[in-house]
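Asker: Fold the following and give me the result.
(one chain, ligands or ions: 2)
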Amino acid sequence: MYILGLESSCDETSAAVVEMSEGVRKIKSNIIASQIDTHRLYGGVVPEIASRAHIEAISRITYEALETAGVKLEDIGLVAVTSHPGLIGALLVGVNFAKSLAYANKIPLVGVNHIKGHIAANYLAFSELEPPFTALVVSGGHTSIYDAENYTSLKEIGGTRDDAAGEAFDKIGRVIGLPYPAGAAMDKLACEGGKNAVALPSPALAGDTLDFSFSGIKTAALNYLNSAKQSGAEVNRADLAASYTEKIVSAIVKKTEAALLRSGSKKLAVAGGVAANSHLRAALEKMCKKQGAEFYVPPISLCGDNAAMIAAAGYYKYLDGKTADTSLNASALD
Ligand code: KG4
Ligand code: ZN
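Answerer: Numbering: from 1, shown residues only. Ligands and ions are numbered 1, 2, ... in the order given. Next up is the predicted model:
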């Protein structure tokens with residue numbers, strides 16, 4: 001079955017054609033129109049601008065996805081669209097476009113949870129991956145650990161109580177002069193600094209909880225930069241990036257390892273934009289090796305927001321019989 005996936009929850013408009021059936025998981029096209037250059041001028045995503053840019057791009061991107069895949073609209077068996085969570089104005093563009101397209105062409109429709117979409121990127125990257133497994137989602141808006149019980153249901157067993165890891169990277173990166181979104185540039189800069197050069201608190205909460213808090217490490221890094229400014233001391237940005245990354249990575253590894261031990265799971269699948277972080281990928285792989293667990297992480301191209309992952313998640317929801325009608329609405333929340 002050919003599925004048309006649509007994603008517009010934040011600052012990327014994406015359309016993809018994915019072929020899914022028993023034993024087949026194949027990306028035919030995955031077109032992404034990024035708005036990053038526009039939002040960079042403001043140091044972060046401006047929701048109003050994002051919505052307008054989605055409106056301008058979505059039709060063109062959809063037809064480009066069909067053309068690249070060599071698939072006609074009448075051959076599409078399912079339209080899958082991100083319906084939640086995300087920026088409400090941005091989501092509404094994708095949801096309304098998908099509803100109109102599905103209704104006019106009599107194609108079944110499903111609304112997809114963006115987080116489940118990120119996890120489903122692993123199904124596209126690893127044809128052998130099947131639930132149950134432990135899932136770690138690390139993105140600009142989420143840092144959560146789940147028991148992925150089957151293809152469609154997730155049980156959250158740990159997560160951040162405030163900011164997300166991606167947001168923490170973006171914030172401090174911006175303060176030290178890196179362009180938005182700073183995650184990838186922080187990753188590079190961290191390779192050149194000392195991991196223990198700057199003392200910072202751990203985002204892993206104490207005790208047997210699997211939760212995180214990133215607000216403390218963000219504040220500590222800001223205080224470090226302000227004190228240096230006041231005393232006229234020069235800041236070694238690479239040392240700060242390396243120490244900051246080390247603390248974030250080791251906290252995520254610690255809680256993910258505890259989650260694997262607690263559930264007895266021998267499979268870990270990682271997803272989300274921050275899953276592109278080279279330090280995190282290496283540290284999680286090492287931990288999985290130690291625990292004798294299989295380690296799954298998509299290629300960098302499938303870590304960030306894209307519509308192929310939405311199509312894959314939509315397929316499993318469709319198999320569950322959870323199709324939507326024209327009353328489908330977007331929601332900013334999970
Ligand atoms: O999943 P995503 O594309 O959007 C959300 O659903 O949030 O994630 C975007 C986040 C941004 O915060 C970005 O800075 C971060 O992923 N990111 C990275 C890296 N590449 C992207 N963070 C750390 N290291 C990277 N290499
Ligand atoms: Zn995302």
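Asker: what's the nearest residue to residue 302 if we skip its chain neighbours?
Answerer: Leaving aside its chain neighbours, residue 302 sits nearest to residue 121 (4.2 Å; criterion: C-beta to C-beta, 6 or more residues apart in numbering). For glycine as for every other residue, the C-beta is placed from the backbone atoms N, C-alpha and C.
Asker: For the one you found, which residues are in contact?
Answerer: Contact partners of residue 121, counting by C-beta atoms under 8 Å, 6 or more residues apart in numbering, are 271, 298, 302, 303, 306, 308, 309, 312.
Asker: pLDDT on the helix or strand that contains residue 99, on average?
Answerer: Assessed by DSSP states H and E, residue 99 sits inside helix 88-104. For helix 88-104, mean pLDDT is 98.
Asker: Give me the buried positions along it.
Answerer: For helix 88-104, the neighbour count (16 or more other C-beta atoms under 10 Å) marks 88-99, 101-102 as buried.
Asker: same for it, what does it pack against?
Answerer: Using 3 or more C-beta pairs under 8 Å, 6 or more residues apart in numbering; DSSP states H and E, the elements in contact with helix 88-104 are strand 2-7, helix 47-69, strand 76-84, strand 109-113.
Asker: The first one close to ligand 2?
Answerer: The one in question is strand 2-7. No - applying C-beta under 5 Å from the ion, one finds strand 2-7 out of contact with ligand 2, separated by at least 8.4 Å.
Asker: Quick one: distance of the helix or strand following that strand to the chain centre.
Answerer: Per DSSP H and E, the first helix or strand lying C-terminal to strand 2-7 is strand 12-21. Distance of strand 12-21 from the chain centroid (C-alpha atoms, centre = their mean, to the nearest Å) equals 16 Å.
Asker: mind listing what strand 12-21 pairs with, with the direction of each?
Answerer: strand 2-7 (antiparallel), strand 24-34 (antiparallel) (DSSP bridges).
Asker: Against residue 98, how distant is residue 288?
Answerer: Separation of residue 288 from residue 98 (C-beta to C-beta, to the nearest Å): 36 Å.
Asker: need the helices and strands packed on helix 88-104 in a markdown table with distance to ligand 1, mean neighbour count and mean pLDDT, can you?
Answerer: A markdown table is the format used below for these (distance: least, C-beta to the nearest ligand atom, whole Å; neighbours: other C-beta atoms under 10 Å; pLDDT from 0 to 100):
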| stretch | distance to ligand 1 | mean neighbour count | mean pLDDT |
| --- | --- | --- | --- |
| strand 2-7 | 10 | 29 | 98 |
| helix 47-69 | 12 | 19 | 98 |
| strand 76-84 | 10 | 25 | 98 |
| strand 109-113 | 12 | 25 | 98 |
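Asker: who touches the residue of the stretch 51-200 of the chain found nearest ligand 2 in this structure?
Answerer: Proximity of the stretch 51-200 of the chain to ligand 2 (C-beta to the ion) peaks at residue 139, 4.5 Å away. Shown in contact with residue 139 (C-beta under 8 Å, 6+ apart): 118, 164, 165, 166, 271, 272, 273, 274.
Asker: Who are the contact partners of residue 108?
Answerer: For residue 108, the contact set (C-beta under 8 Å, 6+ apart) comprises 77, 78, 79, 102, 318, 323.
Asker: need the strands for the stretch 151-300 of the chain, in chain order.
Answerer: For the stretch 151-300 of the chain, the strands defined by DSSP state E, counting those that start in this stretch cover 154-159, 267-271, 294-296.
Asker: which one of those strands is the most hemmed in?
Answerer: strand 267-271 (a mean of 26; mean count of other C-beta atoms under 10 Å).
Asker: Enumerate the residues of the stretch 1-150 of the chain near ligand 2.
Answerer: Within reach of ligand 2 by C-beta under 5 Å from the ion, the stretch 1-150 of the chain has these residues: residue 139.
Asker: Ignoring the adjacent residues along the chain, who's closest to the residue of the stretch 51-200 of the chain closest to ligand 2?
Answerer: The shortest distance from residue 139 to any non-neighbouring residue, by C-beta to C-beta, 6+ apart, is to residue 272 (3.4 Å).
Asker: Surely the one you found touches residue 118?
Answerer: Yes - at 4.9 Å, residue 272 counts as touching residue 118 under the criterion of C-beta atoms under 8 Å.
Asker: Identify the contacts common to the two.
Answerer: Shared contacts of residue 272 and residue 118, counting by C-beta under 8 Å, 6+ apart, come down to 137, 139.
Asker: confidence score at the residue in the stretch 201-334 of the chain that ligand 2 sits nearest to?
Answerer: Per C-beta to the ion, the residue of the stretch 201-334 of the chain with the smallest distance to ligand 2 is residue 305, at 4.4 Å. On pLDDT, residue 305 comes in at 97.
Asker: Thanks a lot, catch you later.
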